[in-house]
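A.B. asks: Provided below are the primary sequence and the corresponding predicted coordinates.
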Amino acid sequence: SRGKTVSDQPTGLAPAEQKDTEPKRPKWTDQDAKDAGLPSPGALNFMVAVAEHLAASALYTPDMGDTPQKVKANALAKMLTGREMGLQPLEAMRTLHIVKGKIGLPYDLMISRMLEQGTKIEWLQDTENGCRVRGTRADGLMSYMSSFGPDDAKRAGLAGGDNYVKRPQVMYRARAVSQL
C-alpha cells in the first residue's frame, strides 16, 4: 500500500473550504456582460482569438520589451475600446494607440467624430508657431477655444520628443484639438 503524499495530508479545512491553486472564475452570463456594457462571453472569446491574430500581424507594432501576452492584451484593449466608440476591430487596430497605459485617438479621428456630431471647427491659427482652434456645438449654444504652442510643449515636457522635433506643427494641431 502506498503511503500518504503531501496532498493526502489533512489540511484542517473541509473539502469545500480548501483553496485551489487556480483562482475560480465566475461564470458570466450574456445578461451580466450586457449589464456591464461588454460583449457576450462567446463574443469576447472570439475577440480574444482575433486579437491574438491581429497582435501577430503588421497592424500592430509592439513597444520594445512588450511580452507576447501584453501585445495580445493591448490588441484586445484597442478592439474593446473601438467597440465602445463604434469602430470595427481593424479600424481600432489601425487608429487607436496606447501611450503610457492610456488609449488615445489620433487628432484626425477626433475631428471626424466632432464633425459627425455637427460641431463646427474653425482654425484660427495653424502655423509652426502654434495652433488655435475654436469648436462650436451644432446648436450654437456653446463654443470653446483651445490653443497649443511652443511654450505649452515645453511646459508639458514634450519639446525634446521625437514627434515634436520632426513635426511640431502636427503636434500643436493635435494637442489643440484634443482640448476641445
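C.D. replies: Now that the structure is in, tell me what you want to look at. Numbering: from 1, shown residues only.
A.B. asks: Mind jotting down where the helices sit in the protein?
C.D. replies: 30-35, 41-55, 68-85, 89-95, 107-116, 150-155, 162-166, 168-178 (DSSP state H).
A.B. asks: Would you mind pulling up the elements that the fourth one packs against?
C.D. replies: Packed against helix 89-95, as judged by 3 or more Cβ pairs under 8 Å, 6 or more residues apart in numbering; DSSP states H and E, are the following elements: helix 41-55, helix 68-85. Every residue, glycine included, has its C-beta placed from N, CA and C.
A.B. asks: what about residue 138, how many neighbours?
C.D. replies: 11 (other Cβ atoms under 10 Å).
A.B. asks: residues contacting the residue nearest the centre of the chain?
C.D. replies: Geometric centre of the chain, nearest residue: residue 103, 2.8 Å, by Cα atoms, centre = their mean. With contacts defined as Cβ atoms under 8 Å, 6 or more residues apart in numbering, residue 103 is in contact with 77-78, 81, 96-97.
A.B. asks: Let's see that with 7 Å instead.
C.D. replies: 77-78, 81, 96 (Cβ atoms under 7 Å, 6 or more residues apart in numbering).
A.B. asks: Mind listing the residues bridging to it?
C.D. replies: residue 98 (DSSP bridges).
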